[in-house]
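**Q** structure here, sequence nowhere to be found:
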């Protein structure tokens, strides 16, 4: 924009009108964009997108964490070749059977 206080405006009336028209169109576009941004549907849509993104991010991190734990546990019970490690599986299986047996006996004693 030219400083009108120090230099005279040398534009023709047609140039001034064209400049005003261009600025009105730019202003109208800006106002339309603002109207779209503050419209309730746009605000709700943006909020939904943020929540969905957050949930996707959280689920992705959870998946990676669970996948890592499963891989670590699998590594304890399976060799690198894929064969089961019986020296680790049998003691764990015996402990599980013992705990289930104790829970069964304690449940029967409470009922009986």
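**A** Nice, thanks for sending it over. This one's a predicted model, so the numbers in the text were calculated from it and none came from an experiment.
**Q** tell me the domain boundaries of this structure?
**A** 13-77, 84-112 (automatic domain parsing).
**Q** how far out from the middle of the chain is the shortest one?
**A** With CA atoms, centre = their mean, to the nearest Å as the basis, the distance from the averaged C-alpha position of domain 84-112 to the chain average is 41 Å.
**Q** again with the first one
**A** Centroid separation for domain 13-77 versus its chain: 12 Å, with CA atoms, centre = their mean.
**Q** how long is it from one end to the other?
**A** Here the two ends of domain 13-77 are set 87 Å apart, with distance taken as CA to CA, to the nearest Å.
**Q** mean confidence (pLDDT) on that domain, please.
**A** What domain 13-77 shows for mean pLDDT is 93.
**Q** which strands or helices does the lengthiest helix in the chain pack on?
**A** For the chain, the longest helix by residue count, based on DSSP state H, is helix 40-77. The contact analysis (3 or more CB pairs under 8 Å, 6 or more residues apart in numbering; DSSP states H and E) places helix 40-77 against helix 86-111. Every C-beta, even on glycine, is put in place using the N, C-alpha and C of the backbone.
**Q** what helices and strands are in contact with the helix it packs on?
**A** Going by 3+ CB pairs under 8 Å, 6+ apart, helix 86-111 lies up against helix 40-77.
**Q** pull out the buried positions in the helix it packs on.
**A** Judged by neighbour count using 16 or more other CB atoms under 10 Å, helix 40-77 contains no buried positions.
**Q** give me the number of residues near residue 78?
**A** Other residues near residue 78 number 14, with proximity taken as other CB atoms under 10 Å.
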